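> give me the fold of what follows.
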Amino acid sequence: MKAMPTLEGGLRIDAESPNDWAVLRSIVADAGATNGVDLASRLGALISEEAGSEDWHEYVVPDLREGFQDDLAQVGANIESAIFEVDGAAGPVWISRADVFPWYSALNQARLSLEEVFHFGPDENIDPASYPPAMRAAYIRTRFYGTIQELLLDHVMR
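This is a model prediction of the structure:
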């Protein structure tokens, strides 16, 4: 897979094989990997009673949940549309400036969920070769998601 900035100020990700499409599809799946507890609820659980957790759960969490779900749906639809366009063969996914925030959000949700499931910790303490295959694959996806987020920050969100 290759990723590069576009002249229009977006980002182009070139999937070169069916495995690349599977990795891109994993963004949405990984975002929901935390035992059925979504990110909005996990964030809401961090608010103390003194800080207004009851109001947070009633007013903030539902809107946050809806926004996160909308971002995942948009990214999932972008990926599926790109796959359909090339009939599953090699091809690009385009991330325009208008699409950058849902993509950044979806990638962030996926990274946070994988971290919560696998507890990778700081990069300097990680030896992916020591991980079982599923954990190693999740770690590689986490690194990929972070790299795409960096590209979005450097080239699209500036």
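
> helix or strand: which one has Asp71?
helix 61-85 (DSSP states H and E).

> partners of the helix or strand that that helix is followed by in the sheet?
For helix 61-85, the following helix or strand on the C-terminal side (DSSP H and E) is strand 91-95. Strand pairing for strand 91-95, determined by DSSP bridges: strand 11-15 (antiparallel).

> ok and the strand it pairs with relative to helix 61-85, angle-wise?
Here the directions of strand 11-15 and helix 61-85 differ by 60 degrees (axes from the mean of the first three to the mean of the last three CA atoms, to 10 degrees).

> now strand 11-15: average pLDDT?
Average pLDDT, strand 11-15: 98.

> how far off centre is that strand?
15 Å (CA atoms, centre = their mean, to the nearest Å).

> contacts for it, please.
Outside strand 11-15, the residues within contact range by CB atoms under 8 Å, 6 or more residues apart in numbering are 1-6, 21, 24, 82-83, 90-95, 100, 148, 151-152, 155-156. Yep, even glycine has a C-beta here, placed from its N, CA and C like the rest.

> then stretch 77-88?
15, 18, 21, 24-25, 27-28, 91-95, 99, 103.

> buried subset of the contacts of strand 11-15?
1, 3, 21, 24, 82-83, 91-93, 95, 100, 148, 151-152, 155-156 (16 or more other CB atoms under 10 Å).

> closest to Glu115 among those?
Proximity of these to Glu115 (CB to CB) peaks at Ile148, which lies at 16.1 Å.

> hang on, the closest one packs against Leu107?
Yes: in this structure, Ile148 is within contact of Leu107 by CB atoms under 8 Å, at 5.8 Å.

> quick one: the residue lying farthest from the centre of the chain from Leu64, how far?
In the chain, the residue that sits farthest from the middle, by CA atoms, centre = their mean, is Glu50; the gap is 31.7 Å. Distance, Glu50 to Leu64, by CB to CB, to the nearest Å: 20 Å.
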